[in-house]
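1. Quick one, what's the 3D model for this:
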Amino acid sequence: MFHQILHSVHISKAYLFFFIFLLNIVVVPYRALCRQENNLNLSIRGIDTTAQAGRFTVTIQKGNHALRLLRTYAYFKQHYYNSAITAAPEFVFIDVVGKLKVEVEIKTPIQSFKLFPSEKKIKIAKVGNRLIFFVNNKTGDLCLEINGDKKQPLLLFIPVGGKAPATAPSTRPGNIIFRPGYHRLNNGMMDISQADTVFIAAGAVVEGALLANGKKGGTICGSGIIYNPVTDSFPAYSAISLNHCSKMAITGITILQRRDNWAVRLEACADINISGCRIISEIRDGLDIANTQRVNVSNCFIMAHDDAICLKGLAKLNCLPVEDIKVQHTLVANMGGGNAIEIGYESVTGIYQRISFRDIVVLYSLPNEVTAEYKWPEAALSIHPSKMLEYKDPAYMGIMPEIKNICYRNISIESCMDDYYIDISPQRGSPGTGISNILFKNIRVIAGPARPSRISKNKNYPLSNIVFRNFRFKHQRILNMNRDNFVYSDTLAVSFFKH
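-> Numbers count the residues shown, from 1 in each chain. Just a heads-up that it's a prediction; the model follows:
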């Protein structure tokens, strides 16, 4: 009997130790995780129900392996805003290792199709309601337009180099990690000013906005999504807003903005790197760089209803310069008003200088009206320093800054239906120091209706040394200021060269 009791005690001890072991490896870390989430002002609600079923079904296949169905994301809705219908693109993520076959099935009959950038020269086979083509780890992001519908394309996000989704950093204090799942930020935002790294894993969707003020150093990275939805519950934040920050990087993530604000804003920042990101804004600008210095944007995709990329000066930012900005190897699209790439309108800055846009494809530059817009002229590439009469603020009514040493190089314009291809014109009679040393080299308009370009000064805002080298409309090289190709007021400021 004694031996039986002793045996039972040993078994009970074993169960007790096992229970304590489970408590330590499961319950305690779970409670710690909950505390961490509370400290981060974060709640999780599991399933993403915001991305509705879309028009496209996408599968991929490698070699003789089975077809794999990809998730198609459809967050955006079409509606009327600022005299134009908004775009509702859908998108998929494709991580390529080697050569892949892609099949896209569309719910409606296919009458026509285009795959951008056209310079990729990807061959497409049409089989019923399916389009079949191949991609590899050098393809990069693609935009598929069906039946001439520019407002509802399919975007295929393919990282150059076939990079695998980024891995999470360590869980040490200072790192904020969003793992796969749907995360809703309390109060619609999170202040990340004290964080070292914000990591958004592949398969993670963070609903809300990330804000930083006065932050020096740090990274927002990963392969997941920041989704900033329409809501009346919180202020209309930008999805990412950096104010007076320096030495920061934003890499690899997808940024979706539906609120009435710019998607990504840099204000009075310095030494900012943005790479491998996708930015889509339903009604406002994509990326705005205000009174900021030393920014490098590379290998990105930026689509916006208003300006896709805009450089400007705001009155609250102490007239800091906009200088040493580089945008390269990037696809941009302006979907319903504004410009694809703009300098201006707001120009409360000491100077715009040493700015380079290079190796860029303008997928779309679409108008907000059929007729020309004289109050807010639109173009694929524009320089529009202007007084902001509607602000009724004296700070926006002064002398416009000097704009110099701006380079546009190796830019393809796939489709421009705006007022102009290129527009250099101070607006609203704005006086200014001058616009000089502007180079357009290897600019090519690939398709679309004929549009003029405009080089226009006013008596209080001189122009000088505007140079075009190898500027082509389709297969025609433009070598002079012929009235069919340009609207101008000063031919002496402009020169043309074949190469």
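2. so who does Gly252 touch?
-> For Gly252, the set of contacting residues under the criterion of C-beta atoms under 8 Å, 6 or more residues apart in numbering consists of 159, 166, 221-223, 275-277. Bear in mind the C-beta positions are built from the backbone N, C-alpha and C, glycine included.
3. Identify those among those residues that sit within helices.
-> Residues from the contacts of Gly252 lying in helices, with DSSP state H as the criterion: none.
4. how about those residues in CSV, adding pLDDT and neighbour count?
-> Formatted as CSV, the entries for the contacts of Gly252 read as follows, by pLDDT from 0 to 100; neighbours: other C-beta atoms under 10 Å:
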residue, pLDDT, neighbour count
Pro159, 87, 20
Ala166, 76, 18
Cys221, 96, 21
Gly222, 96, 27
Ser223, 95, 24
Ser275, 97, 17
Gly276, 96, 23
Cys277, 97, 24
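5. and which of those residues is nearest to Lys151?
-> The shortest approach to Lys151 among those belongs to Cys277, at 22.3 Å (C-beta to C-beta).
6. Roughly how far does the residue lying closest to that closest one once chain neighbours are set aside sit from Val361?
-> Counting by C-beta to C-beta, 6 or more residues apart in numbering, the nearest residue to Cys277 once its immediate chain neighbours are dropped is Cys300, at 4.9 Å. Computed with C-beta to C-beta, to the nearest Å, the distance linking Cys300 and Val361 is 11 Å.
7. Which neighbours do these two have in common?
-> When C-beta under 8 Å, 6+ apart defines a contact, the residues bordering Cys300 and Val361 alike are 330-331.
8. Tell me the buried residues in stretch 57-70?
-> Applying a neighbour-count criterion of 16 or more other C-beta atoms under 10 Å, the buried positions in stretch 57-70 are 57-60, 70.
9. same deal with stretch 66-86?
-> 70, 72-76, 81, 84-86.
10. tell me the mean pLDDT over it?
-> The predicted model gives stretch 66-86 an average pLDDT of 92.
11. Kindly reformat the buried residues of stretch 57-70 as JSON lines containing secondary structure and distance to Lys498.
-> Putting the buried residues of stretch 57-70 into JSON lines (DSSP: H, G, I helix; E, B strand; the rest coil; distance: C-beta to C-beta, whole Å) gives the following:
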{"residue": "Thr57", "secondary structure": "strand", "distance to Lys498": "47"}
{"residue": "Val58", "secondary structure": "strand", "distance to Lys498": "43"}
{"residue": "Thr59", "secondary structure": "strand", "distance to Lys498": "47"}
{"residue": "Ile60", "secondary structure": "strand", "distance to Lys498": "44"}
{"residue": "Leu70", "secondary structure": "coil", "distance to Lys498": "45"}
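12. quick one: which of those residues is nearest Lys107?
-> Relative to Lys107, the closest of those is Thr57; by C-beta to C-beta it sits at 8.1 Å.
13. so who does the closest one touch?
-> For Thr57, the residues meeting the contact criterion (C-beta under 8 Å, 6+ apart) are 69, 72, 104-105.
14. ok, of the residues you listed, which one's closest to Ser412?
-> Sorting those by distance to Ser412 puts Val104 at the head of the list, at 23.2 Å, by C-beta to C-beta.
15. Beta-bridge partners for that closest one, please?
-> Note on Val104: beta-bridge partners by DSSP bridges are Val58, Leu131.
16. Near it, how many other residues are there?
-> Counted with other C-beta atoms under 10 Å, the neighbours of Val104 add up to 24.
17. pLDDT wise, what is it at?
-> At Val104, the model reports a pLDDT of 98.
18. surely it meets Val58?
-> Yes: under the criterion of C-beta atoms under 8 Å, Val104 lies in contact with Val58, with a separation of 5.4 Å.
19. Which neighbours do the two have in common?
-> With contacts defined as C-beta under 8 Å, 6+ apart, the residues adjacent to both Val104 and Val58 are Leu154.
20. rewinding a little: Serialize the contacts of Gly252 to a markdown table and add fields for distance to Gln194.
-> Formatted as a markdown table, the contacts of Gly252 follow (distance: C-beta to C-beta, whole Å):
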| residue | distance to Gln194 |
| --- | --- |
| Pro159 | 30 |
| Ala166 | 22 |
| Cys221 | 17 |
| Gly222 | 19 |
| Ser223 | 24 |
| Ser275 | 24 |
| Gly276 | 25 |
| Cys277 | 23 |
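21. Downstream of the host helix or strand of Val297, the next helix or strand is which one?
-> In this structure, Val297 is located in strand 293-298 according to DSSP states H and E. Scanning forward in sequence from strand 293-298 by DSSP H and E, the next helix or strand is strand 301-304.
22. Let me see the mean pLDDT of the very next helix or strand once past that next one.
-> Downstream of strand 301-304, the next assigned helix or strand under DSSP H and E is strand 309-313. Strand 309-313 shows a mean pLDDT of 98 in the predicted model.
23. Tell me the helices and strands packed up against the helix or strand following strand 309-313.
-> Moving toward the C-terminus from strand 309-313, the first helix or strand encountered (DSSP H and E) is strand 322-334. Packed against strand 322-334 by the contact rule (3 or more C-beta pairs under 8 Å, 6 or more residues apart in numbering; DSSP states H and E) you find strand 287-290, strand 293-298, strand 301-304, strand 309-313, strand 341-347, strand 351-365.
24. Buried residues of the first one, list them for me.
-> For strand 287-290, burial by neighbour count (16+ other C-beta under 10 Å) applies to 287-290.
25. closest to Thr254 among those residues?
-> After measuring the buried residues of strand 287-290 against Thr254 - C-beta to C-beta - the closest member comes out as Leu287, at 13.6 Å.
26. hang on, the earlier thing: farthest-apart pair in the contacts of Thr57, please.
-> Set against one another by C-beta to C-beta, these have their most distant pair in Leu69 and Val104, with a gap of 11.8 Å.
27. what's the overlap in contacts for these two?
-> When contacts are counted by C-beta under 8 Å, 6+ apart, Leu69 and Val104 have 57-58 as shared neighbours.
28. The nearest residue to Ala195 once chain neighbours are set aside and Ser275, how far apart?
-> Distance criterion C-beta to C-beta, 6+ apart; nearest residue to Ala195, sequence neighbours excluded, is Ile176 at 5.0 Å. Here the distance between Ile176 and Ser275 works out to 20 Å (C-beta to C-beta).
29. which residues touch Leu131?
-> Under the criterion of C-beta under 8 Å, 6+ apart, the contact partners of Leu131 comprise 103-104, 106, 110, 113, 124-125, 144.
30. re the thing from before, adding distance to Thr251, write the contacts of Thr57 out as JSON lines.
-> Conversion of the contacts of Thr57 to JSON lines gives the following (distance: C-beta to C-beta, whole Å):
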{"residue": "Leu69", "distance to Thr251": "28"}
{"residue": "Thr72", "distance to Thr251": "24"}
{"residue": "Val104", "distance to Thr251": "28"}
{"residue": "Glu105", "distance to Thr251": "32"}
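31. Nice, that's everything, thank you.
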